[in-house]
Each structure stands twice: as C-alpha cells, then as structure tokens.
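Asks: okay, here's the prediction I keep looking at, along with the sequence it came from:
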Amino acid sequence: MIGINIGASACSTCRDDGEVLMNELGGARTMSSVAFGGTGGRQLGEAAAAANATNRASSVGRLSLLPYDLLSKAPASRHWPFSHAAGAGGGGNFECKGSKGPMPGVSLLGALLGKLRVTGGFSDGSSPLASIALPPGADDNFAAAALADAAAIGGWRVAAMPSTAEALAEVLARKYPRGSGDETVSETIDVLVVDMGAASTCVAAVRLRNVVVDGSARWVPEVLGTAADAFLGCMDFDVTIFEHFAAQVRDKYAQSVIPGSRAGLRLLDGCERIRKLLSTLPEANTTVENLVEGADVPISLTREVFDELCSALSTKLRSLLDTALTVEGLEPLQGIEACGGGTRMPSVQLVMTEALAHSEIGKHIAQQKFGAKLDDTSVALGAALLGKAAMLQQPAAEPAAAESQAAEAAETSEEATEALKVSEDTNGTLPVPKFDGFLTADELAKLIADEQAMADSDRASAALSERRNELEGYILEARGFCARK
C-alpha cells in the first residue's frame with residue numbers, strides 16, 4: 001500500500017513498510033508544482049520548481065482540493081502568477097503562461113499524482129493502490145470528490161482517504177515509547193499533536209490505548225478531536241511580512257512591488273528566507289536581487305517586529321489550540337508533539353507554550369520540550385498503514401474491539417495480506433472502495449485521455465532533451481580533444 005501526503009509545498013509518498021519513495025533526484029519529497037512553456041514543454045515536481053516562476057503553478061493540491069471561492073479570497077491568491085476563474089463543481093480553472101489554455105485544478109493535481117506514480121516505480125501503466133490523506137481544515141466531502149477525480153487522472157486506485165490527524169495518530173502510536181524494565185505502562189495516555197505546514201495547521205487531541213494484539217502489547221490510537229485551519233501556514237506568515245517590505249520599497253524607491261509579478265515573486269522568496277532565518281536568529285537579513293529597476297534591495301527584520309506583524313496569525317493558532325485542549329473527555333496530557341516547518345518558529349512555539357500554561361490539562365507540561373517523533377513523511381506513512389488496514393478489513397481506529405478481534409484476525413491476516421499483494425501487483429482482484437468524484441464518466445475519460453497524451457509528450461520531450469545533452473557532451477569532448485592536439 002502506498003501512502004500519499006499532498007502538501008502545499010511538497011508531496012511525500014511512503015509504503016506501509018516504512019520505505020520512502022524518492023523523487024527523480026533522490027530526495028524524499030516532490031515539489032507540489034506544475035510548470036509550462038520553454039523547450040521542455042511541461043515540467044512536474046522538481047523540474048517545475050526550477051522553471052520560470054511566472055510559468056509555474058505551485059501548491060497544486062490546494063488548487064484542486066479546496067473550493068475556488070475560498071481560495072480566491074485568501075491573501076495568498078494575490079500572489080498567484082497565473083490567471084484563474086471559477087470552474088465546475090465549485091473548483092477552479094487555472095491558466096499558466098505557456099499552457100494551452102485553462103485547466104481544472106483536478107487536472108493539475110492529476111498530472112502531479114501521475115508523476116508520483118512514475119517516480120514510485122509504477123511506470124508500466126499499472127494502477128497501484130494508494131491511501132491519500134485529506135488536507136487539514138478542508139471540506140472533507142469536497143476534497144474527497146476532487147481527490148477521487150485527480151487520482152483517476154493520475155492513474156491511482158484509491159483504497160482510503162484518512163484525515164491528516166488520523167494518519168499522524170497512527171504513526172505516533174508506533175513511535176511513542178512504552179517504558180522499559182518493570183515500569184508500569186498506563187492503560188491510556190493523551191497527547192496533543194500540532195502540525196503546521198506550508199499552508200495549513202492541524203491540532204489533534206490523540207488518545208493512545210494500551211492493547212494486547214496477537215500476544216504483544218502496543219498502542220492503538222484514537223483521535224478524540226481536532227481543530228484545523230486550511231489558511232494558517234508558513235506561507236501566510238510570508239504574505240504578511242511581504243506587505244511590510246513592499247511598503248518599505250514603495251517609500252524608499254517610489255516603486256510598487258506587485259504581488260504575482262516577477263519582482264513580487266522574488267520579494268516573496270526573500271520573505272520566506274527571512275522567516276526561516278528568524279527561527280534561529282534574533283534578526284535576519286537578506287538581499288532580493290533586481291527587486292526594483294537596476295537595483296538589489298537588502299531587507300531585514302527582527303523577531304519582535306515579525307511577531308507584531310503576524311499577531312493576527314498567532315491569535316488564530318491560539319484559537320485552534322484552545323479548541324483542541326477543551327475536547328470533551330481529554331485527560332491531563334502526557335506530552336505535546338510538534339511537526340511541520342511552522343512549528344520551528346519561536347512565535348509559534350511561544351503560543352503553544354502559553355496555551356498549555358493556561359490549560360488545566362496542559363499546564364504541568366508547559367515548560368517541557370516539545371516532542372519530535374513525527375517528521376515530514378509521517379502523514380504519508382500513516383495514510384499507508386490505514387489504507388492497508390482498510391483493505392484488510394481490520395480498521396485501526398477501533399481500539400475497544402482490537403483484543404476481541406485478535407484471534408480471528410490472526411487466522412485471516414496472512415491470507416488477506418497475500419491477497420492485497422496480488423491486488424497491488426496485478427491491478428487485481430481485491431475489491432477497492434469506490435469514491436465518487438465531481439466529474440461525469442465522459443468528463444473524467446476526456447481528462448484522463450488528455451493527461452495520457454500530455455504524459456506521452458513529456459516523455460518525448462525528455463528523450464529529446466537527453467539526446468541533446470548527449471550531443472552537447474560529445475561536441476564539448478571533441479573540442480577538448482582538438483584543443484589538446
């Protein structure tokens with residue numbers, strides 16, 4: 001089973017045995033970007049990240065999995081370098097420079113999922129099984145329908161669509177320590193999980209139950225409650241300080257930096273660098289090249305000013321934390337686990353500490369160091385584990401029934417696992433749940449055909465580029481040989 005996490009900045013894929021599927025450059029993540037134009041035609045993932053920024057659509061998962069009316073009103077949409085309009089089913093249509101026309105968000109995401117399928121080793125036309133996590137804070141019904149369409153376009157068969165909180169909880173249960181020696185293991189422990197990514201934040205109250213299955217004890221997770229915001233992530237901090245620097249440039253150079261323009265995208269990249277530097281430094285400095293006509297512009301910011309500028313975002317985060325900390329039935333916390341790049345910001349860590357300090361169930365751990373048992377691939381791994389459990393008809397989210405089902409599961413687990421392997425290898429035989437999308441059968445068939453034609457064109461362009469590189473290498477080698485003569 002392959003688990004997929006479609007992040008705003010990058011995607012990760014992982015097998016249920018923990019193997020991370022690498023991108024074509026050997027990295028653990030694939031950029032969530034699609035670009036058009038240039039000599040290479042269409043570029044996906046890492047290739048798109050290196051393309052001209054004005055020809056690129058980033059965060060393509062969000063363009064597909066969130067309703068267009070919400071996306072288009074978000075501050076980050078002002079920085080899109082592509083044209084856009086409302087489309088069918090509540091989604092959007094997006095047109096990048098160099099593309100052949102407007103494309104629905106599900107087509108862009110489908111192309112990216114097709115890239116993940118190929119780099120994952122499934123380039124023979126097979127349709128592998130995948131469990132794809134739903135983004136936090138999204139309308140699950142809308143996201144699931146859009147994801148069903150995009151997965152079909154990308155050549156995946158969807159086995160499950162767990163929430164981000166469920167996926168994180170599943171991995172946490174496998175990584176959380178159980179003590180050692182004669183130490184007594186609690187029957188249940190409650191943990192708060194905070195995940196702030198590039199564009200969204202999820203806060204989950206998780207209960208781990210000590211359960212004996214097949215003669216061995218393990219934690220079984222239960223998500224007691226979640227609080228999430230699809231528009232609270234690192235890029236929202238970048239957009240906020242963008243306005244601060246744009247005003248400085250306007251006052252000093254009498255030139256406006258327009259969001260979404262080449263200069264605007266360069267300044268937004270500079271804001272990202274400033275934010276990351278402030279995670280370790282009290283004051284950050286960088287230079288934005290060619291920001292105004294004929295001049296590179298230095299920019300700087302202190303943590304104090306950063307915190308002041310982003311106070312509204314800190315307030316939103318505090319509201320999520322307070323909501324999660326008041327989930328009914330939540331017991332005094334054993335710990336708090338922080339994951340996602342946003343939780344590295346000191347201002348975010350301060351809000352987390354303050355929320356714990358003002359909570360009856362969290363004040364005793366307010367000064368403890370945050371846990372770091374979850375990483376960038378945890379959502380993908382958790383999705384894979386839950387997808388496999390769903391296909392084996394052994395739901396991992398039923399802790400109360402786990403012990404009573406253990407004996408029966410032991411008898412059928414080996415046969416079911418083999419059936420799952422056969423199904424994965426042959427497009428086969430194991431029934432797969434049906435997830436309904438927005439598109440009609442004819443509409444979906446057309447988009448699948450369009451994607452296959454584009455993928456064929458991509459392969460032809462890649463082969464041509466490879467031959468061109470070989471020829472250029474031969475010419476350079478010949479020139480070097482002549483020079484030596």
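Replies: On my side now, so go ahead.
Asks: CA only for contacts and neighbour counts going forward, please
Replies: OK.
Asks: show me where the stretch 301-450 of the chain has helices.
Replies: Using DSSP state H, counting those that start in this stretch, the helices assigned to the stretch 301-450 of the chain run over residues 303-309, 311-325, 346-357, 378-391, 402-426, 441-484.
Asks: between those, which one is closest to Ala295.
Replies: Closest of those to Ala295 is helix 303-309, at 25.0 Å (criterion: C-alpha to C-alpha).
Asks: other SSEs contacting the host helix or strand of Asn5?
Replies: Using DSSP states H and E, Asn5 sits within strand 2-6. Packing contacts for strand 2-6, counted by 3 or more C-alpha pairs under 8 Å, 6 or more residues apart in numbering; DSSP states H and E, involve strand 10-15, strand 129-132, helix 378-391.
Asks: make it 10 Å
Replies: strand 10-15, helix 60-65, helix 105-119, strand 129-132, strand 157-160, helix 164-175, helix 378-391 (3 or more C-alpha pairs under 10 Å, 6 or more residues apart in numbering; DSSP states H and E).
Asks: what is the mean pLDDT for the longest one?
Replies: The average pLDDT for helix 105-119 rounds to 94.
Asks: again, but for stretch 67-84
Replies: Here stretch 67-84 scores 95 as its mean pLDDT.
Asks: so for that stretch, first residue to last residue, what's the gap.
Replies: 13 Å (C-alpha to C-alpha, to the nearest Å).
Asks: how distant is it from the center of its chain?
Replies: 18 Å (C-alpha atoms, centre = their mean, to the nearest Å).
Asks: one step back: and the strand holding Asn5, what's its mean pLDDT?
Replies: 97.
Asks: what do you get for stretch 37-46?
Replies: On average, stretch 37-46 scores 77.
Asks: and stretch 89-96, by the same measure?
Replies: pLDDT averaged over stretch 89-96 gives 93.
Asks: need the pLDDT of Cys14.
Replies: 96.
Asks: wait, it touches Gly387, no?
Replies: No: the pair Cys14 / Gly387 is not scored as a contact, 11.6 Å apart, by C-alpha atoms under 10 Å.
Asks: identify the contacts common to those two.
Replies: Common neighbours of Cys14 and Gly387, using C-alpha atoms under 10 Å, 6 or more residues apart in numbering, are Met1, Ile2, Gly3, Ala130, Ser131, Leu381.
Asks: so which of those residues wins on neighbours?
Replies: Gly3 (35 neighbours; other C-alpha atoms under 10 Å).
Asks: how near is it to Ala460?
Replies: For Gly3, the distance to Ala460 (C-alpha to C-alpha) stands at 29 Å.
Asks: go on, Met1?
Replies: Met1 sits 30 Å away from Ala460, going by C-alpha to C-alpha.
Asks: same check, this time on Ser64
Replies: 27 Å.
Asks: for Leu267, which non-adjacent residue is closest in space?
Replies: Excluding the flanking residues, the one nearest Leu267 by C-alpha to C-alpha, 6 or more residues apart in numbering is Val288, at 6.2 Å.
Asks: elements contacting the one helix or strand that neighbour maps to?
Replies: Following DSSP H and E, one finds Val288 within strand 283-292. Secondary-structure packing of strand 283-292 (3+ C-alpha pairs under 10 Å, 6+ apart): helix 234-253, helix 262-277, strand 295-302, helix 303-309.
Asks: and if we set it to 6 Å?
Replies: Contacts defined by 3 or more C-alpha pairs under 6 Å, 6 or more residues apart in numbering; DSSP states H and E place strand 283-292 against helix 262-277, strand 295-302.
Asks: next one: that strand to chain centre, how far?
Replies: That offset, for strand 283-292, works out to 28 Å (C-alpha atoms, centre = their mean).
Asks: got a list of contacts for that strand?
Replies: Ala263, Gly270, Ile274, Leu277, Leu278, Asp296, Val297, Pro298, Ile299, Ser300, Leu301, Thr302 (C-alpha atoms under 6 Å, 6 or more residues apart in numbering).
Asks: apply 7 Å and report the result again.
Replies: For strand 283-292, the surrounding residues in contact (C-alpha atoms under 7 Å, 6 or more residues apart in numbering) are 263, 266-267, 270, 274, 277-278, 296-303.
Asks: any idea of the mean pLDDT for that strand?
Replies: Averaging pLDDT along strand 283-292 gives 95.
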